[in-house]
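Visitor: 3D model of this:
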Amino acid sequence: MASLAILPPAPAPVQPGFASAFVQGLSGTGIAICQIAALDAWVAAAREGETFLYAKGCGLPKWSKVPARVRTLGDAGFVTLRQVHQAEFDTDFLVRRTALPWVADVGPVPCSAGAFDRMASDRQRDAEAAMLLGLLGTAASLDAPCPSNAWLAGRIGCCPDRVKRLFDVLINAGSIRRRHSEWEPGRIVTIVATGRETGTDGGGAIRG
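Guide: Predicted structure coming up:
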């Protein structure tokens, strides 16, 4: 198994896997992470000792498949893993190329090395949206208040900001309707398939 070492910043230049402006915009508040294809393309072309910044921010998201790919490359001996803490909520996630020659059948995918990815694959996104719809449907069927983004994120296994995007996915798909409420969490959600609602108004939980 590859070991994850927390080491001082590498003296060699670091190649980012995504646009620097995007990283700066999320630093300390979220996570920027490259695509798997960009990671594979870099490993295939990099020389021994070169370093690649594949993610940056407050942590690695559970919805991304990139961390698992990094561990696979580390276990195979192509890279070593590093973390460099820049601030309390700002960490650089790096890999450094080893001398082991790249083997084509590991499965590199050609891609621009500057590509970046804020979302999981369509399949992962749809699976998470389905989980959100199920949780909202359960709350509506029980005449319960609409859960908060933080609670929903804990059940789905993602961050609260991603829950906001998943709500948009369901709205655009016509699965739910959402209207504003003055009471936390600030919304009343209608499940289109059943017509039932989950939310809170001045009299308590919405019923029906």
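Visitor: May I have the secondary structure class of the closest residue to residue 183 other than its chain neighbours?
Guide: Leaving out its chain neighbours, the residue that sits closest to residue 183 by CB to CB, 6 or more residues apart in numbering is residue 200, at 4.1 Å. In this view, the C-beta of every residue, glycine as well, is placed from N, C-alpha and C. Judged by DSSP: H, G, I helix; E, B strand; the rest coil, the three-state class of residue 200 is strand.
Visitor: Which strands or helices does the helix or strand containing residue 188 pack on?
Guide: Per DSSP states H and E: residue 188 is located in strand 187-191. When contacts are defined as 3 or more CB pairs under 8 Å, 6 or more residues apart in numbering; DSSP states H and E, strand 187-191 sits against helix 122-141, strand 176-180, strand 197-201.
Visitor: Next, the angle strand 197-201 makes with it.
Guide: Counting by axes from the mean of the first three to the mean of the last three CA atoms, to 10 degrees, strand 187-191 points 160 degrees away from the direction of strand 197-201.
Visitor: what angle do strand 187-191 and helix 122-141 make?
Guide: Going by the same axes, to 10 degrees, strand 187-191 makes 100 degrees with helix 122-141.
Visitor: So that it lines up with my notes, have the first residue be 11 from now on.
Guide: Let's use 11 as the start, then, which means that last one is strand 197-201.
Visitor: Excluding chain neighbours, what is closest to the residue nearest to the spatial centre of the chain?
Guide: Centroid-nearest residue in the chain: residue 71, 3.9 Å away (criterion: CA atoms, centre = their mean). Computed as CB to CB, 6+ apart, the closest residue to residue 71 that is not its neighbour in sequence is residue 41, at 5.4 Å.
Visitor: Correct me if wrong: that neighbour contacts residue 64.
Guide: No. Using CB atoms under 8 Å, residue 41 is not in contact with residue 64, being 10.9 Å away.
Visitor: out of these two, which sits in the busier spot?
Guide: Taking other CB atoms under 10 Å, residue 41 and residue 64 do not tie; residue 64 has more neighbours (29 against 20).
Visitor: Helix or strand next in line after the helix or strand residue 54 falls within, which one?
Guide: Element membership of residue 54, judged by DSSP H and E, is helix 46-55. Next helix or strand after helix 46-55 toward the C-terminus (DSSP H and E): strand 61-67.
Visitor: and that following strand, what does it pack onto?
Guide: Against strand 61-67 (3+ CB pairs under 8 Å, 6+ apart) you get strand 24-26, helix 30-36, strand 41-43, helix 46-55, helix 76-86, strand 100-107.
Visitor: Walk me through the domains of the chain.
Guide: Listed by automatic domain parsing, the domain ranges of the chain are 14-116, 132-215.
Visitor: what about the last one, average pLDDT?
Guide: Pointing back at domain 132-215 there. Averaging pLDDT along domain 132-215 gives 85.
Visitor: from the chain's centre, how far out does it sit?
Guide: 19 Å (CA atoms, centre = their mean, to the nearest Å).
Visitor: Could you do stretch 47-59 as well?
Guide: Mean C-alpha position of stretch 47-59 versus that of the full chain (CA atoms, centre = their mean) differs by 22 Å.
Visitor: Since that was my last question, I'll sign off now.
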